[in-house]
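J.: Could you look at this predicted model? Sequence included:
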2 protein chains.
Amino acid sequence: MARQRADSRKARKEVGDIPIPQDIADSICSCGGVEGLIESLPADDSIERMQRWYQACADPVRLKILSLLMVRPLCVCVIKAVLQMADSKLSYHLNILKKAGMIEGEQQGYYIIYNLTDQARVFLERERERLSSL
Amino acid sequence: MARQRADSRKARKEVGDIPIPQDIADSICSCGGVEGLIESLPADDSIERMQRWYQACADPVRLKILSLLMVRPLCVCVIKAVLQMADSKLSYHLNILKKAGMIEGEQQGYYIIYNLTDQARVFLERERERLSSL
DNA sequence: GTAATATTTCAATAATATTTGAAATGTTTT
DNA sequence: AAAACATTTCAAATATTATTGAAATATTAC
């Protein structure tokens, strides 16, 4: 059986190469075929950053923290009083949001006041808008 | 030591109630205090939907699938050829995106052609715009 | 109907993420 | 410097999610 995809542009190793039917190959011709699609993928570091960002949003506790910080900057003790959870648990989630670049904490006397980063605020405002228009 | 938060508005059970310092209580007075913040939280079902949505985005394989479908609708076999992975793995991830409401599949002859939902397309276009302006 | 193709489902395993409670850190007050 | 308070870190236990390969389903071609 003949290979279905054109090998014209550059040599690729055949091992692990997954063949696709001719009619399907034709249909994706205008976007550069499989090769073109591969090239259109975001770079790995970009994918990683997106993954960390969305992962940070993918938890009820963290969504609630973000929602609270949309109202105003808050110290850990208030977030804890609102969400009613153990210190260490809250701290764990704050740290994930911090690592994702969504929040920053500033020590003020006894307390650490957390606030959204500019990036996160933009994102959350856009999302609020988008979700309200569904 | 006296309780720090006003109990004026409604009776709440004291058990599990986390006290906050007076100065902090004062500082969040303008947003309704702890009670006000609790009321400002999104409803549970809303939180759940958001969680499922962002969770769907929080994986490299799925981000790549979404990126590919931004180019054009594609059948499973092309996605497989681009991402070079086992059928069952790909199917697993497609299913998660489908459950989150981000993609839909339509059987066409042999193939199932997957496409982004309108919601997902709006989201991804906005995100692309936002991320490019960083 | 049988064979061929495309995709999904299933069950077991592996990998990650979350929760928990105790101990540690860092700040302020005395 | 000791006590009090706010928050974080750590290690163990639990829960969730992802991967794998085999078997099942569904569609089309013969």
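T.: Structure's in. What do you need? Remember, predicted model here, so these are calculated numbers, not experimental data. Residues are numbered from 1 along each chain as shown, chains lettered A, B, ... in the order given.
J.: surely A:M85 meets A:V61?
T.: Yes: A:M85 is within contact range of A:V61, at 7.3 Å (criterion: C-beta atoms under 8 Å). Placement of C-beta: from N, CA and C, glycine included.
J.: and the gap between the residue in chain A positioned nearest to DNA strand C and A:L94?
T.: When distances are taken as C-beta to the nearest atom of the strand, chain A reaches nearest to DNA strand C at A:S88, 3.1 Å away. Applying C-beta to C-beta, to the nearest Å, the value for A:S88 to A:L94 is 11 Å.
J.: Quick check on those two: which one has the bigger neighbour count.
T.: Between A:S88 and A:L94, counted using other C-beta atoms under 10 Å in any protein chain shown, A:L94 has the larger neighbour count: 20 against 7.
J.: So for the more buried one, what's the pLDDT?
T.: The score at A:L94 is 98. That number is its pLDDT.
J.: Equivalent analysis for A:K10, please.
T.: Reported pLDDT for A:K10: 28.
J.: for the one 10 residues further on, same thing?
T.: We note a pLDDT of 90 for A:I20 in this prediction.
J.: my guess is it meets B:V78, correct?
T.: Yes: judged on C-beta under 8 Å, A:I20 makes contact with B:V78 at a distance of 5.9 Å.
J.: who touches both of those two?
T.: A:V34 (C-beta atoms under 8 Å, 6 or more residues apart in numbering or on different chains).
J.: Can you list the low-confidence ranges for chain A?
T.: The model of chain A has pLDDT under 70 over residues A:1-16.
J.: And A:P19, how close does it get to A:A25?
T.: 9 Å.
J.: Have a look at the two and say which one is more surrounded.
T.: Set A:P19 next to A:A25 and count neighbours by other C-beta under 10 Å: A:A25 wins out with 18 against 15.
J.: circling back: how far away is the residue of chain A closest to DNA strand C from A:R72?
T.: Separation of A:S88 from A:R72 (C-beta to C-beta): 24 Å.
J.: got it, and A:V122?
T.: With C-beta to C-beta as the criterion, A:V122 and A:R72 are 17 Å apart.
J.: A:Y114 too?
T.: Taken as C-beta to C-beta, the span from A:Y114 to A:R72 is 10 Å.
J.: Which one of these two is surrounded by more residues?
T.: A count of neighbours by other C-beta under 10 Å puts A:Y114 above the other of A:Y114 and A:R72, at 21 against 15.
J.: does the more buried one sit in a helix, a strand or a coil?
T.: strand (DSSP: H, G, I helix; E, B strand; the rest coil).
J.: correct me, but it touches A:V78?
T.: No: counting by C-beta under 8 Å, A:Y114 stays clear of A:V78, with 9.6 Å between them.
J.: next one: stretch A:22-38 to chain centre, how far?
T.: Stretch A:22-38 has its C-alpha centroid displaced from the chain centroid by 28 Å (C-alpha atoms, centre = their mean, to the nearest Å).
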